[in-house]
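Any chance you can model this:
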Amino acid sequence: MSVAKVPCTIVTGFLGAGKTTLVRHVLENADGRRLAVIVNEFGDVGIDGEILKSCGVESCPEDAIVELANGCLCCTVADDFVPALKGLLDRPSPPEHIVIETSGLALPKPLVKAFNWPEIASRVTVDGVIAVVDGAAVAVGRFADDPEAVARQRAEDSSLDHDNPLEEVFEDQLLCADLVIMNKADLMSSEQRRSVVDKIGKTLSRAVKVVETENGKVALKVLLGLGAEAEADLASRPSHHDLEGEHDHEDFDTFIVELPVFDSPQHLVDRLVKAAETHDILRMKGFVDIAGKPMRLLVQGVGARVQHQYDRKWPGERRGRLVVIGEKGFDRDAIRDLIAS
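Residues are numbered from 1 along each chain as shown. Predicted structure coming up:
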């Protein structure tokens with residue numbers, strides 16, 4: 001029965017892990033396969049959707065890339081995801097495979113559950129859930145607590161909440177996965193790679209292959225065609241949030257910085273690094289107007305690690321904007337002053 005269903009691949013992973021890079025690699029190596037993409041953002045500005053639309057792949061035209069901004073799909077299944085999926089399926093030439101890129105803060109399990117909704121259950125199946133991991137970030141303990149330090153804190157005051165929202169989201173994404181892509185292996189030593197693979201293995205609740213990669217470059221035969229039918233296998237995908245009626249993202253916050261024109265990329269990068277180090281920002285991404293350059297500059301930051309490249313010619317208004325994501329309580333005004341003043 002599932003043979004007639006359109007396979008869907010869910011790409012999950014924490015902020016800055018390299019999900020969009022992986023999806024772009026899939027689009028650029030589709031070999032004529034008719035694809036569609038649903039991309040979700042935590043915030044109002046669709047940076048990731050714009051990156052994917054710049055691929056120029058004939059088998060995945062811009063109108064087959066659907067952007068869902070201002071919320072995570074795990075919380076907006078009924079309002080956003082199901083209608084978007086039905087819209088793609090009802091196209092005159094429906095896609096042969098659909099790739100769904102979740103926000104970096106989304107929990108994949110509620111999205112997998114949605115594939116059992118009557119409106120779509122007979123038409124689609126989850127071919128696989130792919131969790132992309134920023135290996136370099138895990139190697140330096142970005143998501144993991146120090147168990148001894150937490151034990152000391154609890155001993156000193158048992159009433160304190162010592163839950164780590166970063167680690168819970170990270171673990172939930174791994175626990176739902178059918179395949180784990182440990183990205184950014186080129187930024188790690190061999191010892192770090194072994195350590196991160198070991199940590200991932202200890203988190204996983206079942207046998208799941210871990211593939212090491214650089215820049216999300218993985219053969220399509222590895223990524224697509226897993227045949228997991230994950231919507232029928234929910235019991236093997238535990239979650240920290242299984243007992244919750246709803247999931248929210250009250251631990252995290254996002255806002256937009258309007259950027260002036262910069263004389264050079266490095267001028268901006270220096271500011272971003274200082275802001276990240278001062279305010280423990282999790283993620284920054286956006287487009288920047290560099291004086292005298294016809295192309296827009298794509299800037300992406302994970303913590304204080306910032307990358308930039310000229311992406312494409314400005315499709316319209318040259319308007320520099322940066323999305324900033326961090327844990328609740330960071331100083332928006334101070335961050336704006338550091339970056340854009």
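
Give me the local confidence score for Arg193.
Looking at Arg193, its pLDDT stands at 95.

and the gap between the residue nearest to it when sequence neighbours are not counted and Ile38?
Closest residue to Arg193 apart from its sequence neighbours, by Cβ to Cβ, 6 or more residues apart in numbering: Ala185 at 5.9 Å. In short, each C-beta sits where N, CA and C put it, glycine included. As judged by Cβ to Cβ, to the nearest Å, Ala185 and Ile38 stand 28 Å apart.

who's more crowded, those two?
Between Ala185 and Ile38, Ile38 has the larger neighbour count (other Cβ atoms under 10 Å), namely 24 against 19.

in the sheet, who's paired with that one?
Under the criterion DSSP bridges, Ile38 forms beta bridges with Val66, Ile100.

same thing with Met182?
Val133, Glu212.

again, but for Arg312
Counting by DSSP bridges, Arg312 is bridged to Arg296.

Relative to Pro294, how far out is it?
Arg312 is 10 Å from Pro294, where distance means Cβ to Cβ.

And those two? Which one has more around it.
Counted by other Cβ under 10 Å, Arg312 and Pro294 do not tie: Arg312 has more neighbours, with 16 against 10.

Now do that one against Ser264, distance only.
19 Å.

centroid residue for this structure?
Per Cα atoms, centre = their mean, the C-alpha nearest to the average position across the chain is that of Gly104, at 3.7 Å.

who are the neighbours in contact with that one?
Gly13, Phe14, Leu15, Gly16, Ala17, Lys19, Phe42, Arg283, Ile325 (Cβ atoms under 8 Å, 6 or more residues apart in numbering).

Can you pull the poorly scored residue ranges out of this structure?
1-3, 42-49, 51, 53-60, 69-79, 144-164, 243-250 (pLDDT under 70).

quick one, strands of the stretch 51-200 of the chain?
65-68, 97-101, 124-134, 179-183 (DSSP state E, counting those that start in this stretch).

can the ones you listed go into JSON lines with extra columns for mean neighbour count and distance to Val302?
Shown next, in JSON lines, are the strands of the stretch 51-200 of the chain (neighbours: other Cβ atoms under 10 Å; distance: least, Cβ to Cβ, whole Å):
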{"stretch": "strand 65-68", "mean neighbour count": "22", "distance to Val302": "21"}
{"stretch": "strand 97-101", "mean neighbour count": "25", "distance to Val302": "16"}
{"stretch": "strand 124-134", "mean neighbour count": "26", "distance to Val302": "6"}
{"stretch": "strand 179-183", "mean neighbour count": "24", "distance to Val302": "11"}
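
Out of the ones you listed, the one nearest Gly320 is which?
Taking Cβ to Cβ, strand 65-68 is the member of the strands of the stretch 51-200 of the chain nearest to Gly320, at 19.4 Å.

for that closest one, packing partners?
Counting contacts by 3 or more Cβ pairs under 8 Å, 6 or more residues apart in numbering; DSSP states H and E, strand 65-68 packs against strand 35-40, helix 47-53, helix 82-89.

just the ones you listed: most buried one?
strand 35-40 (a mean of 26; mean count of other Cβ atoms under 10 Å).

Between helix 82-89 and it, find me the angle.
Orientation of strand 35-40 against helix 82-89 (axes from the mean of the first three to the mean of the last three Cα atoms, to 10 degrees) gives an angle of 160 degrees.

list the helices and strands strand 35-40 packs on?
Helices and strands touching strand 35-40, as assessed by 3+ Cβ pairs under 8 Å, 6+ apart, comprise helix 19-28, helix 47-53, strand 65-68, helix 82-89, strand 97-101.

Switch the ones you listed over to a markdown table; also include distance to Ala276.
Listed next are the helices and strands packed on strand 35-40 as a markdown table, based on distance: least, Cβ to Cβ, whole Å:
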| stretch | distance to Ala276 |
| --- | --- |
| helix 19-28 | 19 |
| helix 47-53 | 17 |
| strand 65-68 | 26 |
| helix 82-89 | 33 |
| strand 97-101 | 23 |
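
Which of those sits closest to Glu168?
helix 19-28 (18.6 Å).

For the closest one, C-alpha coordinates in PDB please.
C-alpha atoms of helix 19-28 as PDB (Å, rounded to 0.1, in the frame of the first residue of the first chain):
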ATOM      1  CA  LYS A  19      20.600  21.100   7.300                       C
ATOM      2  CA  THR A  20      20.100  23.700   4.500                       C
ATOM      3  CA  THR A  21      23.500  22.800   3.100                       C
ATOM      4  CA  LEU A  22      22.500  19.100   3.000                       C
ATOM      5  CA  VAL A  23      19.200  19.900   1.400                       C
ATOM      6  CA  ARG A  24      20.900  22.100  -1.200                       C
ATOM      7  CA  HIS A  25      23.200  19.200  -2.000                       C
ATOM      8  CA  VAL A  26      20.200  16.900  -2.500                       C
ATOM      9  CA  LEU A  27      18.600  19.400  -4.900                       C
ATOM     10  CA  GLU A  28      21.900  19.900  -6.900                       C
END
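
Pro118 versus Pro165, what's the distance?
In this view, Pro165 and Pro118 are 33 Å apart by Cβ to Cβ.

Show me which of those two is the more surrounded one.
Ranked by neighbour count (other Cβ under 10 Å), Pro165 and Pro118 place Pro165 first, with 16 against 6.

if I pick that one, what's in contact with it?
Asp251, Phe252, Glu327.
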